[in-house]
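Participant: predicted model and sequence below, questions to follow.
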Amino acid sequence: MGFGGSVQAMITVIKNNEKMRSNRSKRKSFEGGYSSTKLQFHNTATKEELKSIEEKIQREQKQVRLKQIIVLGVALSILMTLIIIYI
């Protein structure tokens, strides 16, 4: 049949998953991934602080966008120059 390698890999994965499933209860206390406690956040920032944070993020995004536009413009101008020279 000629597809033995991929089938064997699938069989190996299934066997490994079965082994992990049988050991789940042993690892449960170590990982903490099955915890029933929920993560809670208490909003302690004032409306003014939230507004200043929002403005700061917007300024940073504007700067990043401007840098991307400049880099794209330089790259396109170099590309156009090379195309014009070699055509």
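Facilitator: Here it is on my side, so go on. Numbering: from 1, shown residues only.
Participant: hey, C-alpha coordinates of stretch 71-87 in CSV?
Facilitator: Coordinates of the C-alpha atoms in stretch 71-87 are reproduced here as CSV (Å, rounded to 0.1, in the frame of the first residue of the first chain):
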residue,chain,number,x,y,z
VAL,A,71,9.2,52.1,5.1
LEU,A,72,6.7,51.0,2.4
GLY,A,73,7.1,54.2,0.5
VAL,A,74,10.9,53.9,0.5
ALA,A,75,10.8,50.2,-0.5
LEU,A,76,8.3,51.0,-3.4
SER,A,77,10.4,53.9,-4.6
ILE,A,78,13.6,51.8,-4.6
LEU,A,79,11.7,49.1,-6.5
MET,A,80,10.3,51.5,-9.0
THR,A,81,13.8,53.0,-9.5
LEU,A,82,15.2,49.5,-10.2
ILE,A,83,12.4,48.7,-12.6
ILE,A,84,12.9,51.9,-14.5
ILE,A,85,16.7,51.5,-14.7
TYR,A,86,16.7,47.9,-15.9
ILE,A,87,13.8,48.1,-18.4
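Participant: if you count neighbours, what's buried in that stretch?
Facilitator: By neighbour count on 16 or more other CB atoms under 10 Å, the buried set for stretch 71-87 is empty. Any C-beta I mention is one placed from the backbone N, CA and C, and that applies to glycine too.
Participant: biggest helix in the chain by residues?
Facilitator: The longest helix of the chain (DSSP state H) is helix 47-86.
Participant: what's next to stretch 49-65, contact-wise?
Facilitator: Ala45 (CB atoms under 8 Å, 6 or more residues apart in numbering).
Participant: format the CA atom coordinates belonging to it as PDB.
Facilitator: In PDB, the C-alpha atoms belonging to stretch 49-65 read as follows (Å, rounded to 0.1, in the frame of the first residue of the first chain):
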ATOM      1  CA  GLU A  49      -6.700  57.300  33.800                       C
ATOM      2  CA  LEU A  50      -8.500  55.100  31.300                       C
ATOM      3  CA  LYS A  51      -8.800  58.000  28.900                       C
ATOM      4  CA  SER A  52      -5.100  58.800  29.200                       C
ATOM      5  CA  ILE A  53      -4.200  55.200  28.600                       C
ATOM      6  CA  GLU A  54      -6.500  55.100  25.500                       C
ATOM      7  CA  GLU A  55      -4.900  58.300  24.100                       C
ATOM      8  CA  LYS A  56      -1.400  56.900  24.800                       C
ATOM      9  CA  ILE A  57      -2.200  53.700  22.900                       C
ATOM     10  CA  GLN A  58      -3.700  55.600  20.000                       C
ATOM     11  CA  ARG A  59      -0.500  57.800  19.800                       C
ATOM     12  CA  GLU A  60       1.700  54.700  19.800                       C
ATOM     13  CA  GLN A  61      -0.400  53.100  17.100                       C
ATOM     14  CA  LYS A  62      -0.300  56.200  15.000                       C
ATOM     15  CA  GLN A  63       3.500  56.300  15.200                       C
ATOM     16  CA  VAL A  64       3.800  52.600  14.200                       C
ATOM     17  CA  ARG A  65       1.500  53.200  11.300                       C
END
